[in-house]
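S.K.: the sequence and its predicted three-dimensional model are supplied below.
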Amino acid sequence: MINKRYMTRTIILFMIVGIMSLVALFPFYWMIISSFKTNAEIFSTQLNLIPESFIFKNYIDLFTTTNFPRWILNSIIVAVSTTVLGLFFSTFAGYAFAKYNFFAKNTLFIVVFLMMAVPRFVTVIPIFMLMSKLGLTNNYLALILPFAINPFAVFLMRQYIKNIPEDLLDSARMDGCNEFQIVIRIIMPIIKPSLGAAGIFILMMSWNDYLFPLILMTKENMMLFPVGLASLKTLYVVEYGMIMSGSFLSVLPLIIAFLLLQKQFIAGLTEGAVKG
Amino acid sequence: MFDKKKSPYFFIAPFFIMFTVFWIWPIVQSFIWSFSEWDGLSEKRFVGFGNYIALFNENDFLISLKNTILAAIVYIIILLVISLILGFLLNSSILKGRAFFRTSFFIPVTVSLPVVALIFYIIYAAHNGVLNNILSFLGMSDSINWLGDTKFALWSIVGLRVWRAAGYYTIFIIAGLQAIPRSTVEAGHVDGAGTWQVIRHIILPQLKPIIVYIIIASSIWAFQLFEEPWILTQGGPMNATATVAIHIYRNAFQFFKLGYASASAYVLTMIIMVFAIINLRIAKD
C-alpha cells in the first residue's frame, strides 16, 4: 500500500515538474523552429507545433541582407575585452581588500557597496555626455570601460581570496616574490575556478546589456547584436523568421557554454546577482 | 615598488579611479543636473526643485510611475510564489531527473532580455500567434491582443519577465532549503505537524533571509523595467506599458531634457531605496 502511494506521488510530482519545464523550454523550441519557417507558416491559422517545412532562407538572408555578422563580432569584442579587463581590475582590488590593511579601507568598501544600489539609469546620462565629449561614441571603449568596473566581481574575488591561507603568501614572499608576482603566480592559479565564475558574471552583464549599446553605439555597423536584432523589427517588411534565426545564433554559444560549465555559471550568476 | 606597504594602493587604484569616473561621479553629476534645465549644449539654468515639481504635475510621468510600481510589485509576488513552488518541487527527494529539470529551468536566464522580448513578440502575436493558437486549440474562442490591448499589455510583459527569472531565483530557494537541518523538519513531523504546517512554521521562517534577498535583488531590476516595453510596445498602447525608465530614456535621448530626465532617474532611485528599506524593516520584526 505504502509503495503504491509512493509511486503515485512520484508520478504526479514528475508530471507537474515536467509540464512546468515544458513551459520553460517552449519559447526556445518556438524560436528554433520559427527560424526555419516562412512568415506565413509562423503565423499559420492552425496550431502547428511540429514544422511542416524546413528552410534555411532566413539564415542566408540574415547573413546577406543584414549586418548581423558584424553585430555579433562587435558584441564579442566588447564582451571579451570587458571580461578580461574586469577580471584584472577585480582580482587586484579584491586582493587588496582581502589581504591588506590600508588607509580608509572600510570606508572605501562601504562606498562601493552603497553605490551598487543606485540604478544604472542614474549614470547613463552623464556617461553618455562624457563619452560624447571624449569622442568615444561608436567606439568599443565606450562600452568596455564602464562595464569593466564591476563591484560585484570585486566582492566575489575578495570572498575567494580571503580563503587563501596567509602562510602560503608568506612563504612566497620568503622565496622573493613581490606582491605583484604573488597575485600573478600564486593567487590567480589558485582561484582559477572562481575567476571563471566571476568572468561569466561580467561577460553576461556585458553580452546581455541593451541600454548602453542603444545609446552609445548608434552607427549601424557599430551596433551590438541586441540593438541590431531589435532594429530589424522596425523595418518596413518584418521577417520574423530571420529575427528568430539571429536570436537563435546569439543564444546558442551561451547555452552551449552553460551546459559545459554549469557549476561556474550558476556560481557566477547567483553569487553576483544578475539582472533578472 | 610592489612592497607590502605601497602595493594595496597600486592594486586598488585602477579599479577605484575607473569606479570614480564611471560610477560615483556620474551619480553626483546627475544629482546636480536634476536641479537644472539643460539640453546638453547651452548653459545650464538652475531651477531648484522645479524639475521635481514638474514631474509630479506631468500626467505621462504619473502614469509611468503607476505602471512601474504596479508591474514591479505584481512581478515580485508572482516570481516569489513560483520560485518557492519550483524550489520545493525540485528539492523533493522523490523527484526523478532533478539535475535535468534544474538545468532546464535555469536556461532562460542565460538569454538576454532583448532576445527574450523578440521571441515573445511572435509568441504573443495577436493574429495567429502561437499562444492564441494554443488557447483556441484548448477551446477559447476569442483571440487576445496580448501586447496591443491596454488590459493585457503590461501583464504580458510581466509574464515574460517571470518566465525568464523564475528558474534563476529558484536556485536561491533550493540552496536555502538545503541549508535547513533535516532534524528540525523531522522534529516537526514527530510533533504531529502536517506538511503544510511544517512548511509554514518551520521551513518558511528559515527561508526568510533568502526571501528578503530575492525581493530586494529582483526589485532593483524590476523598477528599471525598460528593454521589453521599449522593444515590444514603445510604452503603448495608450501609455499602458509606459514606465519610468522609458520616461527617462525619452526625455534624455529624444527630447534632450537632461535635467528633467535626471530628476526622473532620482525619483526612481528613491523608490528603489524606499522599497528596500521597507522590506528590511518588515523582515526585522
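M.R.: Structure's in. What do you need? This structure is a prediction, so every number in the text was calculated from the model and none was measured.
S.K.: helices and strands around the helix or strand bottoming out on mean pLDDT in chain A, which ones?
M.R.: The least trusted helix or strand in chain A, going by mean pLDDT, DSSP states H and E, turns out to be helix A:262-272, with a mean of 73. Counting by 3 or more Cβ pairs under 8 Å, 6 or more residues apart in numbering or on different chains; DSSP states H and E, the packing neighbours recorded for helix A:262-272 are helix A:151-162, helix A:192-208, helix B:98-106, helix B:153-179. The way it works is simple: take the backbone N, C-alpha and C, and place the C-beta from them, glycine included.
S.K.: of all the ones you listed, which one is nearest residue A:87?
M.R.: Evaluated with Cβ to Cβ, these place helix A:192-208 nearest to residue A:87, the distance being 5.5 Å.
S.K.: can you give me the strands in the stretch 101-250 of chain B?
M.R.: For the stretch 101-250 of chain B, strands defined by DSSP state E, counting those that start in this stretch do not occur.
S.K.: show me what contacts the residue most central in space within chain A?
M.R.: Taking Cα atoms, centre = their mean, the centroid of chain A lies closest to residue A:204, which sits 0.7 Å from it. Residues counted as contacts of residue A:204 (Cβ atoms under 8 Å, 6 or more residues apart in numbering or on different chains) are A:254, A:268, A:269, A:274, B:110.
S.K.: format the residues you listed as TSV; extra columns: distance to residue B:9 and neighbour count.
M.R.: Below are the contacts of residue A:204 laid out as TSV (distance: Cβ to Cβ, whole Å; neighbours: other Cβ atoms under 10 Å in any protein chain shown):
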residue	distance to residue B:9	neighbour count
A:254	37	20
A:268	28	25
A:269	32	23
A:274	31	20
B:110	38	23
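S.K.: now those residues in JSON lines, with distance to residue A:19?
M.R.: Shown next, in JSON lines, are the contacts of residue A:204 (distance: Cβ to Cβ, whole Å):
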{"residue": "A:254", "distance to residue A:19": "26"}
{"residue": "A:268", "distance to residue A:19": "30"}
{"residue": "A:269", "distance to residue A:19": "25"}
{"residue": "A:274", "distance to residue A:19": "26"}
{"residue": "B:110", "distance to residue A:19": "22"}
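S.K.: ok, so of those, who is nearest residue B:61?
M.R.: For the contacts of residue A:204, the nearest to residue B:61 is residue A:274 (29.1 Å; Cβ to Cβ).
S.K.: which other helices and strands contact the lowest-mean-pLDDT helix or strand in chain B?
M.R.: One helix or strand of chain B scores below all others by mean pLDDT, DSSP H and E: helix B:182-190, with a mean of 81. For helix B:182-190, the packing partners by 3+ Cβ pairs under 8 Å, 6+ apart come out as helix B:195-198.
S.K.: I'd like the average pLDDT over stretch A:183-195.
M.R.: Mean pLDDT, computed over stretch A:183-195, is 87.
S.K.: and that stretch, what's buried?
M.R.: Within stretch A:183-195, the residues that count as buried by 16 or more other Cβ atoms under 10 Å in any protein chain shown are A:183, A:186, A:187, A:191, A:194, A:195.
S.K.: near chain B, which of those residues show up?
M.R.: residue A:183 (Cβ under 8 Å from any Cβ of the partner chain).
S.K.: tell me the one of the buried residues of stretch A:183-195 nearest chain B?
M.R.: Chain B lies nearest to residue A:183 out of the buried residues of stretch A:183-195, by Cβ to the nearest Cβ, at 7.5 Å.
S.K.: closest to residue A:221 out of the helices and strands packed on helix A:262-272?
M.R.: Proximity to residue A:221 (Cβ to Cβ) singles out helix A:192-208 among those, at 19.0 Å.
S.K.: so residue B:178 makes contact with residue B:91?
M.R.: Yes: using Cβ atoms under 8 Å, residue B:178 makes contact with residue B:91 at a distance of 6.9 Å.
S.K.: quick revisit: redo the helices and strands packed on helix A:262-272 as CSV? Include distance to residue A:237.
M.R.: Converted to CSV, those look like this (distance: least, Cβ to Cβ, whole Å):
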stretch, distance to residue A:237
helix A:151-162, 42
helix A:192-208, 28
helix B:98-106, 35
helix B:153-179, 24
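S.K.: where's residue B:213 relative to residue B:279, distance?
M.R.: Look at residue B:213 and residue B:279: by Cβ to Cβ, to the nearest Å, they are 10 Å apart.
S.K.: low-confidence stretches in the stretch 1-150 of chain A?
M.R.: Applying pLDDT under 70 to the stretch 1-150 of chain A flags residues A:1-2.
S.K.: tell me what angle the least confident helix or strand of chain B forms with helix B:153-179.
M.R.: Going by axes from the mean of the first three to the mean of the last three Cα atoms, to 10 degrees, helix B:182-190 is angled at 100 degrees with respect to helix B:153-179.
S.K.: mind listing what's buried in helix B:182-190?
M.R.: Neighbour counts over helix B:182-190 (16+ other Cβ under 10 Å) mark B:185, B:188 as buried.
S.K.: kindly format the C-alpha coordinates of that helix as CSV.
M.R.: The C-alpha coordinates for helix B:182-190 follow below in CSV (Å, rounded to 0.1, in the frame of the first residue of the first chain):
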residue,chain,number,x,y,z
ARG,B,182,17.0,17.8,8.5
SER,B,183,16.5,17.3,12.2
THR,B,184,14.4,20.4,12.6
VAL,B,185,12.0,19.3,9.9
GLU,B,186,11.8,15.8,11.3
ALA,B,187,11.2,17.1,14.7
GLY,B,188,8.2,19.0,13.3
HIS,B,189,6.8,15.8,11.9
VAL,B,190,7.4,13.9,15.1
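S.K.: what about stretch A:32-46, near chain B?
M.R.: Yes: Stretch A:32-46 is in contact with chain B by Cβ under 8 Å from any Cβ, via A:34, A:42, A:43, A:44, A:45, A:46.
S.K.: and which of these is nearest to chain B?
M.R.: Of the residues of stretch A:32-46 next to chain B, the one sitting nearest to chain B (Cβ to the nearest Cβ) turns out to be residue A:43, at 4.2 Å.
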